[in-house]
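Student: Provided below are the primary sequence and the corresponding predicted coordinates.
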Amino acid sequence: MEKVVLVTGANSGIGLALCERLLSLDSQVSLCLACRNMQRAEAARSALLASHSDAHINLIRLDVGDISSVLRAAQEVKMRYKRLDYIYLNAGIMPDPQVDIRAFFKGLFSRNVVKMFATAEGLLTQQDHMTKDGLQEVFATNLFGHFLMVRELEPVLCQPDHTAQLIWTSSSNARRSAFDLDDLQHQRGTEPYSSSKYAVDLLSVALNRHHNQQGIYSSVICPGLVMTNLTYGILPSFLWTLIMPIMLLIRIFTNTFTLTPYNGAEALCWLYLQKPESLDPLAKYHSLTSGLGKNYTAPRKMDVVEGTSEALYDKLLKLEIEIRKKNKDAEQQISDLQHHLNEAP
Ligand SMILES: NC(=O)C1=CN([C@@H]2O[C@H](COP(=O)(O)OP(=O)(O)OC[C@H]3O[C@@H](n4cnc5c(N)ncnc54)[C@H](OP(=O)(O)O)[C@@H]3O)[C@@H](O)[C@H]2O)C=CC1
Ligand SMILES: CC(C)CCC[C@@H](C)[C@H]1CC[C@H]2C3=C(CC[C@]12C)[C@@]1(C)CCC(=O)[C@@H](C)[C@@H]1CC3
């Protein structure tokens, strides 16, 4: 039977590599690329069709950081598809990243050097912004917009005698200490990326608790360190080229330097082939590449507390009500204004 797969952030990096790999893996797959920029989405579709000319590929406009765009996109998906089998919640941002060079050199000569390269713990800060919906952009993009999309798409995910998988691209940079339930959106801190990815891990646990009975299963993966637009935003290209020999050397000691989007998509593809009931809801599935270049997937227990995941879920539901109301009021105001302008002589 044809599997319908929606991928957010499908026009580049890990998302695009995933689409390419899914088409090679399953000739029956029907892809829906959900992207904010339709020109880039068209380019991605053309690239995919160049290698898989018979592929079923639809495009949908989705800016996951914009509430009205999420609601519109979800409506369109529900009109186009009766059923969704997989949603890859992959789109993500790390705006204006700064590397703490002192911490890097300190870490380089410490016992934690391998961990530092795998998780970037204590190395990275970002500059966040507020969206037009009044949300912090990293939270809105990496977490909340995706959460709202899932909530909206529940009717096409829950089908009788059928399971659906939600697969989140999280990160090993997700850290409990960067996350605060009283500051969900990380307005007060300098590590919104780490906080948002930790929230993704917590949310996935809660989604399983609340939706497994309806046949919806959620998992998280970490793609490892992959060279994509996101990582090229951290250091200038020439510096990456300069440190690449060192990175290839480090690859001997850590299997988390997957480096290519193809390798980074390993765990995403592996999950596609698994029975969701057999997966561990408390594990993060890591794409790993050995020193000899062999790709594989391995689960690692997440540092999550079930009570915190439940509390986050409750807070997200409350925020959803608030945001939907705000959005409705704003739409009403626009329609009133339009009406008023049409009435004016
Ligand atoms: N690269 C790495 O080392 C790691 C990446 N990750 C995660 O992997 C995921 C994919 O990132 P990666 O492939 O590396 O980076 P890319 O920047 O190549 O891909 C990110 C994708 O997300 C899309 N996107 C960003 N913001 C939005 C938005 N508001 N609405 C819709 N789409 C959006 C981008 O679209 P556009 O082209 O329009 O910007 C792009 O297609 C992210 O969630 C990232 O956090 C996790 C761990 C490591
Ligand atoms: C000479 C230098 C200043 C070298 C700096 C190296 C760092 C830029 C990298 C070391 C570990 C890397 C890393 C990431 C980004 C780049 C580093 C900090 C990530 C945070 C990228 C996104 C993720 O989600 C993580 C899994 C990555 C972890 C390792």
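Tutor: Here it is on my side, so go on. Ligands and ions are numbered 1, 2, ... in the order given.
Student: On the three-state scheme, Ile234 is what?
Tutor: Secondary structure state of Ile234, per DSSP: H, G, I helix; E, B strand; the rest coil, is coil.
Student: Neighbours of Gly224, how many?
Tutor: Gly224 is flanked by 25 other residues according to other Cβ atoms under 10 Å. No exception for glycine: its C-beta is placed from N, CA and C like everyone else's.
Student: which residues sit in contact with it?
Tutor: Going by Cβ atoms under 8 Å, 6 or more residues apart in numbering, Gly224 touches 172, 255-259, 263-264, 286-289.
Student: and with 10 Å instead?
Tutor: The contact partners of Gly224, by Cβ atoms under 10 Å, 6 or more residues apart in numbering, come to 14, 118, 171-172, 254-260, 263-264, 266-267, 286-289, 295.
Student: Surely it is in a strand?
Tutor: No. Gly224: not assigned to a strand; according to three-state DSSP it is coil.
Student: ok, now how distant is it from Ala120?
Tutor: Note on Gly224: its distance to Ala120, by Cβ to Cβ, to the nearest Å, is 12 Å.
Student: which residues are common contacts for the two?
Tutor: Taking Cβ under 10 Å, 6+ apart as the contact rule, Gly224 and Ala120 both touch 171-172.
Student: now the helices: where do they sit in the stretch 1-150 of the chain?
Tutor: Along the stretch 1-150 of the chain, the stretches classed as helices by DSSP state H, counting those that start in this stretch are 13-25, 38-51, 67-80, 101-108, 113-119, 137-139, 145-157.
Student: Let's have these in TSV, adding mean pLDDT and mean neighbour count.
Tutor: Below are these laid out as TSV (pLDDT from 0 to 100; neighbours: other Cβ atoms under 10 Å):
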stretch	mean pLDDT	mean neighbour count
helix 13-25	98	22
helix 38-51	98	15
helix 67-80	97	17
helix 101-108	90	13
helix 113-119	88	18
helix 137-139	98	24
helix 145-157	97	20
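Student: Could you export those helices as a markdown table, including distance to ligand 1?
Tutor: Compiled in a markdown table, the helices of the stretch 1-150 of the chain are given as follows (distance: least, Cβ to the nearest ligand atom, whole Å):
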| stretch | distance to ligand 1 |
| --- | --- |
| helix 13-25 | 2 |
| helix 38-51 | 5 |
| helix 67-80 | 8 |
| helix 101-108 | 16 |
| helix 113-119 | 10 |
| helix 137-139 | 8 |
| helix 145-157 | 7 |
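Student: Figure out which of those helices is closest to Glu331.
Tutor: Checking these against Glu331 by Cβ to Cβ gives helix 67-80 as the closest, at 7.5 Å.
Student: Okay, angle between that closest one and helix 145-157 too, please.
Tutor: Angle, helix 67-80 to helix 145-157, by axes from the mean of the first three to the mean of the last three Cα atoms, to 10 degrees: 20 degrees.
Student: The stretch 151-300 of the chain: strands as residue ranges?
Tutor: Assigned by DSSP state E, counting those that start in this stretch, the strands in the stretch 151-300 of the chain fall at 164-169, 216-222, 283-289, 295-301.
Student: Could you dump the ones you listed into a markdown table with mean neighbour count and mean pLDDT added?
Tutor: Compiled in a markdown table, those are given as follows (neighbours: other Cβ atoms under 10 Å; pLDDT from 0 to 100):
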| stretch | mean neighbour count | mean pLDDT |
| --- | --- | --- |
| strand 164-169 | 25 | 98 |
| strand 216-222 | 25 | 98 |
| strand 283-289 | 23 | 97 |
| strand 295-301 | 14 | 98 |
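Student: Mind checking these for the one nearest to ligand 2?
Tutor: Closest to ligand 2 of those, according to Cβ to the nearest ligand atom: strand 216-222, at 6.0 Å.
Student: gap between that closest one and the chain center?
Tutor: How far strand 216-222 lies from its chain's middle: 10 Å, per Cα atoms, centre = their mean, to the nearest Å.
Student: where's whichever residue of the stretch 151-300 of the chain sits closest to ligand 2 relative to Tyr296, distance?
Tutor: In the stretch 151-300 of the chain, the residue that lies nearest ligand 2 is Ser171 (3.2 Å; Cβ to the nearest ligand atom). According to Cβ to Cβ, Ser171 and Tyr296 sit 19 Å apart.
Student: Same question for Ile250.
Tutor: Taken as Cβ to Cβ, the span from Ile250 to Tyr296 is 18 Å.
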